[in-house]
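> Provide a 3D model corresponding to the input given below.
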Amino acid sequence: MRHIVLGAALAAGIAGQAAATGISMNNEALQPGTTLGVCMARAAAAIGQAGIRPLNPTTSAAWGELDGGRIFTIYCLPQNNVAIIVGGGNRFEDVQNEVNRLRDAFRGGTGTGGGGGLPTK
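A predicted model of the protein is given here:
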């Protein structure tokens, strides 16, 4: 439910600035026991690896932006064993590739000093 609310909030914020809105959303499973800290470290690393300018994180989400009013987040829900990856812009095509890059970077993330793969404890 939270990811639906997040997506709706992201869409509403962008829709107020643009005539059309495009959202791309994906998710990545987290291993049971993954901590919020580990997920957030992976999310922050993924944003940097994808070439997206980081913004200030919130308690459970890393944020970034690109030119053209495109905004991205990786929302960590370790209690549900999932990370939600969302991108919003004027058109779906404007953010789809970056959301895929974010997911790939998160999946093989290096934010914990370990190797690739899913985040662990």
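> can you tell me the closest non-neighbouring residue to residue 91?
Leaving out its chain neighbours, the residue that sits closest to residue 91 by Cβ to Cβ, 6 or more residues apart in numbering is residue 22, at 4.0 Å. The way it works is simple: take the backbone N, C-alpha and C, and place the C-beta from them, glycine included.
> mind giving me the packing neighbours of the helix or strand hosting residue 26?
Assigned by DSSP states H and E, residue 26 belongs to strand 22-29. Counting contacts by 3 or more Cβ pairs under 8 Å, 6 or more residues apart in numbering; DSSP states H and E, strand 22-29 packs against helix 2-15, strand 82-89, helix 92-107.
> mean pLDDT for these: which is lowest?
The minimum mean pLDDT among the helices and strands packed on strand 22-29 belongs to helix 2-15 (a mean of 51).
> centre-most residue in the chain?
residue 74 (2.1 Å; Cα atoms, centre = their mean).
> partners of the helix or strand containing residue 72, with directions?
Using DSSP H and E, residue 72 maps to strand 70-77. According to DSSP bridges, strand 70-77 has the following sheet partners: strand 61-66 (antiparallel), strand 82-89 (antiparallel).
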